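> what would the 3D arrangement of this be:
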Amino acid sequence: MQHLLSKLFLGFALLTSLSCKAEAQKSEATAATETQAPAEVVVGAARTDKYIDSLKGKRVALFSNHTGMVGDKHTLDILLENGINVVTLFSPEHGFRGTADAGEHVSSSVDPVTGIPIASLYGAKDRMPAQDIMDGIDIIVTDIQDVGLRYYTYYCTMVDLMNAAAKYGKEFMVLDRPNPNGMYVDGPILDMKYASGVGRLPITVVHGMTLGEIASMANGEGWLKEGAKVPLTVVPCDNYTHQTRYELPIAPSPNLRDMKAIYLYPSVCYFEATPVSLGRGTDFPFLVYGHPDMKNRTFEFTPRSVPGAKNPPLLDEHCYGVDLRTVTDDEAIAQGINLAYVIDAYNDLGMGDKFFRNFFELLIGRGDIRQMIEDGKSADEIKATWAGDVEKFKEQRRPYLIYAE
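The predicted model follows:
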């Protein structure tokens, strides 16, 4: 009996030891998981093994700007270093170097570093490159950082180039980059009678897609002219999902200077269609709003002529308004499109319909929202009217998503 008890005791001790060891290993693994940083996102342009060989022997046109960087090297330099024959550069709004004001005419020119011709597309006739340019290329490569809003014009230029590629029988490639507002979908689907330079496709205001996904959807849904399709290649990002909080290493345009401005952009851009300043010409564009006649406001600012905002709204006028820099990034993301800011200024100024310009409909994409504001509807009541559009678009875009939601 004593021998049996001894064996049982030793067995119990061994099981206890193994259990403790397993728990210790589990704790160590958990701690390692909790402290391990998420894998770094690798943009499409950095994955040269996925696309360089396919570009060799072809005449390449590159659509990019100052955001087309991999570390400290521009994608143009990467292509040239790998022996790719880049014959043309296409530039969007703000120009190839990203320094032009919003809406400013950008002339075609020559890149001073490489001597490669730059063909400006922003403001071009029919939004179409000239035939002699298209005749001289085989493939258009896109590498540019978008911010995920329907009225942000870089995707519009990409779609214009896809139309040109379809018309002239050229290939198309997107070196994909993350969408910093890719975590959610919000806003009405564009009523195509309001299609314009700030709205090209029937998508929600916040579409939650990368440029590679939008290109795939435009191709697949027949959204190119006459339902045409282009031979399309998307080089995807690595280690990216739609829930990745991706911080842009470079400001995508002169007045979107930090992530808070990018997160607030879905809510405040509509001030561009009103008399209210949203801080262009200050050190905090898209982070404030105000007007000389706004009442009982303690925050003040005065727009000045500065690079990237040479002639801002309310130039040199002393404005009173609201400082949105107190809104946290998490709050800005969680609120999505928040029309409460526009409603606040509308109610304060008491201008009635004179508060809005027709540009408002082009930005919001629907014809009835102005009236809702004038009728005293709340931001939540207005948001509820496009809930169906959000669900419809999320389902429609699903076949074209490259990255997990």
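
> how about the strands in the stretch 1-150 of the chain?
Taking DSSP state E, counting those that start in this stretch as the test, the strands found in the stretch 1-150 of the chain are 59-64, 69-70, 73-74, 85-91, 109-110, 117-120, 139-143.

> reformat the ones you listed as CSV; add mean pLDDT.
Formatted as CSV, those follow (pLDDT from 0 to 100):
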stretch, mean pLDDT
strand 59-64, 97
strand 69-70, 96
strand 73-74, 94
strand 85-91, 94
strand 109-110, 81
strand 117-120, 85
strand 139-143, 98
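
> present these as TSV; the columns should include distance to S196 and mean neighbour count.
Backbone N, C-alpha and C define where each C-beta goes, glycine included. Shown next, in TSV, are the strands of the stretch 1-150 of the chain (distance: least, CB to CB, whole Å; neighbours: other CB atoms under 10 Å):
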stretch	distance to S196	mean neighbour count
strand 59-64	20	24
strand 69-70	30	20
strand 73-74	31	17
strand 85-91	20	21
strand 109-110	26	12
strand 117-120	19	18
strand 139-143	21	26
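
> so for D283, which of those strands sits nearest?
Ranking those by proximity to D283 (CB to CB) places strand 69-70 first, at 24.1 Å.

> got the contact list for that closest one?
Outside strand 69-70, the residues that touch it by CB atoms under 8 Å, 6 or more residues apart in numbering are V43, A45, A46, T75, I78, P249, I250.

> ok, the fifth one to D53 distance?
It stands for I78. Distance, I78 to D53, by CB to CB, to the nearest Å: 14 Å.

> so between these two, which is more surrounded?
When I78 and D53 are compared for neighbours, I78 comes out ahead with 20 against 10, by other CB atoms under 10 Å.

> that one against T48, yeah?
Yes. Counting by CB atoms under 8 Å, I78 does reach T48; the two are 6.6 Å apart.

> and the residue minimising distance to the centre of the chain, what is it in contact with?
Taking CA atoms, centre = their mean, the centroid of the chain lies closest to V147, which sits 1.4 Å from it. Applying CB under 8 Å, 6+ apart to V147 gives the contacts N179, P180, N181, L248, P252, L256, I262, Y265.

> that one and E317, how far apart?
For V147 relative to E317 (CB to CB), the value is 28 Å.

> A251 too?
26 Å.

> that older thread, dump the strands of the stretch 1-150 of the chain to TSV, plus distance to S277.
Converted to TSV, the strands of the stretch 1-150 of the chain look like this (distance: least, CB to CB, whole Å):
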stretch	distance to S277
strand 59-64	31
strand 69-70	31
strand 73-74	34
strand 85-91	28
strand 109-110	31
strand 117-120	28
strand 139-143	33
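
> quick one: the helices in the protein?
For the chain, the helices defined by DSSP state H occupy 2-35, 52-55, 75-81, 131-135, 154-168, 211-220, 259-268, 329-335, 340-349, 359-364, 369-374, 379-384, 387-397.

> who wins for proximity to V198 among these?
Judging the helices of the chain by CB to CB, what sits closest to V198 is helix 359-364, at 5.4 Å.

> isn't F284 right up against R325?
Yes. Contact between F284 and R325 holds when scored by CB under 8 Å: they sit 6.5 Å apart.

> compare the two (neighbour count), which wins?
Here F284 and R325 are compared on neighbour count by other CB under 10 Å; more neighbours surround F284, at 18 against 14.

> got the contact list for that one?
F301, D323, R325.

> so which of those residues comes closest to E226?
Nearest member of the contacts of F284 to E226, counting by CB to CB, is R325, at 46.9 Å.
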